[in-house]
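Student: Below are the sequence and a predicted model; questions follow.
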Amino acid sequence: MDALTNYRWPGNVRQLENTIERAIVLSQAQLIEPGHLYLFGEEGAQTNDPLDEGLRTLLARGESLETMQHRLRHRLIALAVKYHNGNSEAAARALGVDVASFELDS
């Protein structure tokens, strides 16, 4: 409860509501811990980087760094190939890697 009351809510009640809903959805436990709230920094500073939300989700799941790196690499490659209309060579060039390094195994 301290985490909620001590946080400076720049987004008002809507931000509080969204934070609690996200914690309920992402928490796989019966009890919501402060770490599920994603309130960071001494003053409650929270970054607005869209990548952070996905990374926080992976952290909340307790996945290892190796697993997170594998999943992130797999998704980046898949998204790059899709973005380049299925052209793996163009996707590899955009990512700055050799197309042979694309290991899309799950």
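Tutor: Okay, I see it.
Student: Does anything pack onto the longest helix along the chain? Which helices or strands?
Tutor: Of all the elements of type helix in the chain, the one with the most residues (DSSP state H) is helix 65-83. Packed against helix 65-83 by the contact rule (3 or more Cβ pairs under 8 Å, 6 or more residues apart in numbering; DSSP states H and E) you find helix 50-61, helix 88-95. For glycine as for every other residue, the C-beta is placed from the backbone atoms N, C-alpha and C.
Student: now the ones you listed in CSV, with mean pLDDT?
Tutor: Formatted as CSV, the helices and strands packed on helix 65-83 follow (pLDDT from 0 to 100):
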stretch, mean pLDDT
helix 50-61, 73
helix 88-95, 91
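Student: Could you chop the protein up by domain?
Tutor: Following automatic domain parsing, the chain resolves into domains at 1-48, 63-106.
Student: of all the ones you listed, which lies closest to residue 54?
Tutor: Each of the domains of the chain has some distance to residue 54 by Cβ to Cβ; the shortest is domain 63-106, at 8.4 Å.
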